[in-house]
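Enquirer: need a structure here:
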Amino acid sequence: MSVFAQYGNQPIFKYFEEISAIPRESGNEQGIADYLTAFAEERGLWCYRDSWHNVLIKKPAQNSTADPLILQAHTDMVCEKNSGTQHDFATDPLKLYIEEGWLRAEGTTLGADNGAGVAMMLAMLDSCDIPHPPLECLFTSQEEVGLVGVDKFDFSQLTARRMINLDSSNEGQATIACAGGANVSFVKEAQTVPHQNSNIKIKIRGLFGGHSGADIHRGRSNAIKIMGELLSMLYEQEEFNLVSVECDGKNNAIPRECTAIISVLDRDAATGRLLQLEAGIKANLVAEDEGFHLHVSRCGKTEDMLTYKDTRELLTFMNLVPCGMLSAKSPEVANYSANIGIALSVGATFTFGVYLRYHCDFGMGAMLCSLEQLCKLCRMTMATMGAYPAWEETKGSALVAQFLREGEAVYGREVTAKVFHAGLECGLIIVGLGGKCDAVSFGPEIRDLHTPDERMCVQSFVKTWELLQRMV
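Expert: Here you go, the predicted model:
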């Protein structure tokens, strides 16, 4: 039985459940691309698929003489799960359930970002009674790791110059512009010495996390940054040797957990100091991070540990790396921001990942300058990848005006149009189309994206599907 049974027989429910059964972590989109191409073939629709698993499906006009329209969403999802959750994102379907009107997945991210958009596009393509212009439905890949798929797409396949992006998550609020961004990686090849003294393992758990763009202004704490601050303060009291750091997260998700192993002269004294610092950390957390917990435990001996110098330089990096909302357009929208989401060590090689978002070139330049200086100070190498442009507002947009009219009719209240700090694919698509495309983005109410608490309001999903039908 469908998890949506109590809400009636909506085509969007069928398609959301079907794609939720297909593993689709960023970089693993072959299965969902196979599904989409089979969907098109079964219905005799024109279909184009590239080597990056981007899929474009076209459908002729149906009782409409309006100009062609692009519908766009991405097929991949951020894959995060709670500690202790037994789920393999490479093979297992999501386990959906509804609680108090909100759709969730058991212990994992839901993938409504951007599965909701994919489901609505499939329902539109499968419809026989909804009037619409010629549709060009573009399903892109690897959006969550830097808009990789859309950057590789052949835009000559598109003829429309109007676009509805379905990758927004606030009901009744259209996105009319968004930030650009880039991934920045840092690597340090450290020097080691034979292990001595005593190891302790430090675990940070229970932070709320969130989307590194949409939630960056909320003041939620970053587990890697807390670890850097904690260890730096401990190091100033008594030097120790770093052994490892681990946060296998995503650059575009605010990390909730981080683990480090250090070698100390006096295990009991170091443990006591760390627990004293915990109280200070708790006092500075926002309410959403009330689940924060610091756990310090004994740890077995390892073969090697880092030198004092390399330990100090790595802690300097973790403590000083720019993170959070660094400049504000408004209280709810950052002008530019940074998020450190990855910290991994393999032997003496330490790797970090930072995601930058910006609405102005100056902000991007300022962040890169800070990072380059920090990189030199800490004797690390730095590489910037997957940069994409900001999407600038189209003045006098016909689609935005239509959204404001139709949205008020659907939701029964005033709707709004705002700038969004997260990165949407609209900027790259508009550049690919020669800079000429009227665009708007909207979607259902989705909360706590990129965390295992991700949830989507079912009634909002239905309302947004109604809005899309009116928009086309």
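
Enquirer: check contacts around the nearest residue to Val321 once chain neighbours are set aside.
Expert: Closest residue to Val321 apart from its sequence neighbours, by C-beta to C-beta, 6 or more residues apart in numbering: Ile340 at 5.4 Å. C-beta coordinates here come from the backbone N, C-alpha and C atoms, glycine included. Going by C-beta atoms under 8 Å, 6 or more residues apart in numbering, Ile340 touches Asn222, Ile224, Lys225, Pro255, Met318, Val321, Cys323, Phe352, Gly353, Val354.

Enquirer: okay, these in a markdown table with distance to Arg161 and secondary structure next?
Expert: A markdown table is the format used below for the contacts of Ile340 (distance: C-beta to C-beta, whole Å; DSSP: H, G, I helix; E, B strand; the rest coil):
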| residue | distance to Arg161 | secondary structure |
| --- | --- | --- |
| Asn222 | 40 | coil |
| Ile224 | 42 | helix |
| Lys225 | 43 | helix |
| Pro255 | 40 | coil |
| Met318 | 46 | helix |
| Val321 | 41 | coil |
| Cys323 | 39 | coil |
| Phe352 | 41 | strand |
| Gly353 | 36 | strand |
| Val354 | 35 | strand |
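
Enquirer: let me know the closest of those residues to Lys436.
Expert: Using C-beta to C-beta, Val354 is the member of those that lies nearest Lys436, at 33.4 Å.

Enquirer: wait, that closest one sits on Asn252?
Expert: No: applying C-beta atoms under 8 Å as the test, Val354 and Asn252 come out as separate, 10.7 Å apart.

Enquirer: centre of the chain to stretch 433-453, how far?
Expert: From the chain centre to the centre of stretch 433-453 is a distance of 11 Å (C-alpha atoms, centre = their mean, to the nearest Å).

Enquirer: all strands of the stretch 51-200 of the chain, in order?
Expert: For the stretch 51-200 of the chain, the strands defined by DSSP state E, counting those that start in this stretch cover 55-59, 69-74, 96-99, 102-105, 135-140, 162-165, 173-178, 180-189, 192-194, 198-205.

Enquirer: select, out of those strands, the one closest to Ala21.
Expert: Per C-beta to C-beta, nearest to Ala21 of the strands of the stretch 51-200 of the chain: strand 96-99, 9.4 Å.

Enquirer: may I see the buried residues of that closest one?
Expert: If you call a residue buried by 16 or more other C-beta atoms under 10 Å, then strand 96-99 has these buried ones: Leu96, Ile98.

Enquirer: sorry, back to before: can you pull the pLDDT of the residue nearest to Val321?
Expert: Note for Ile340: predicted pLDDT of 97.

Enquirer: can you point out the buried residues in stretch 247-258?
Expert: Residues Cys247, Gly249, Lys250, Asn251, Asn252, Ala253, Ile254, Pro255, Arg256, Glu257, Cys258 are the ones in stretch 247-258 that count as buried (16+ other C-beta under 10 Å).

Enquirer: grab the most central residue of this protein for me.
Expert: Among the residues of the chain, the one closest to the centroid is Asn252, at 4.2 Å (C-alpha atoms, centre = their mean).

Enquirer: what's the distance between the closest residue to that residue other than its chain neighbours and Arg161?
Expert: Closest residue to Asn252 apart from its sequence neighbours, by C-beta to C-beta, 6+ apart: Ser212 at 4.8 Å. For Ser212, the distance to Arg161 (C-beta to C-beta, to the nearest Å) stands at 31 Å.
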